[in-house]
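In: Here is the input, now give the coordinates:
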Amino acid sequence: MIIMSVDFGDARTGIAVCGKSELIASPICVINEKDFNKCIEKTAALAKEQRAEEIVVGYPKNMNGTIGERAEKCELFAKELEKLTNCPVKLWDERCTTVSAHNYLNNTNTRGKKRKAVVDAVAAVIILESYLNFRKNNIT
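Out: From the prediction side, this is the model:
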């Protein structure tokens, strides 16, 4: 199944996708958009372009598992995205993915403007890899 993941942000939204084999998550792009509705539209267009059969949106729960304002905004983003794409959209716990993305970029010595341009796409890859690992281990 082709699955697309989204690391939604107020200014930058990272996008990653995997092919039908569900083996490798690859970064696609970062959408630079501050307007909530335009970001949803651009994300929906990418989902159609990538022929996504399922979309996973990062769900930034608080470290104690509660739902805060940011997670609520992601819930709304996911609902609106599902309406536009007619594609199933799932929320996926993304706690610490941005920290992991920064650690990865530290290891690859990616700095400055280049880092800012890719960190959200790397976070989307981490979200998708986590989801794919779950599917591999829990869906027969």
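In: Tell me where the protein has helices.
Out: 36-50, 69-85, 97-107, 112-138 (DSSP state H).
In: Quick one: mean pLDDT over the first one.
Out: Think helix 36-50. For helix 36-50, mean pLDDT is 97.
In: before we move on, what about the shortest one?
Out: When pLDDT is averaged along helix 97-107, the result is 58.
In: Averaging pLDDT per element, find the lowest-scoring helix or strand in this protein.
Out: helix 97-107 (a mean of 58; mean pLDDT, DSSP states H and E).
In: one step back: export the helices of the chain to TSV and tack on mean neighbour count and distance to residue 28?
Out: For the C-beta atoms, the positions are set from N, CA and C on the backbone; glycine is no exception. Listed next are these as TSV, based on neighbours: other Cβ atoms under 10 Å; distance: least, Cβ to Cβ, whole Å:
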stretch	mean neighbour count	distance to residue 28
helix 36-50	17	7
helix 69-85	16	15
helix 97-107	16	15
helix 112-138	18	7
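In: nearest to residue 25, of these?
Out: helix 112-138 (3.8 Å; Cβ to Cβ).
In: Mind giving me the packing neighbours of the closest one?
Out: strand 3-7, strand 12-18, strand 25-32, strand 54-59, strand 89-93, helix 97-107 (3 or more Cβ pairs under 8 Å, 6 or more residues apart in numbering; DSSP states H and E).
In: Contacts for the second one next, please.
Out: Surrounding strand 12-18, the residues in contact under the criterion Cβ atoms under 8 Å, 6 or more residues apart in numbering are 2-7, 24-33, 39, 42-43, 46, 50, 52, 119-125, 127-128, 132.
In: Also the first one?
Out: Residues from elsewhere that reach strand 3-7 (Cβ under 8 Å, 6+ apart): 13-18, 22, 25, 28, 43, 46-47, 50, 52-58, 77, 81, 92, 94, 97-98, 120-121, 123-125, 127-128, 131-132.
In: Go through the helices and strands packed on helix 112-138 and pick out the most buried.
Out: strand 3-7 (a mean of 29; mean count of other Cβ atoms under 10 Å).
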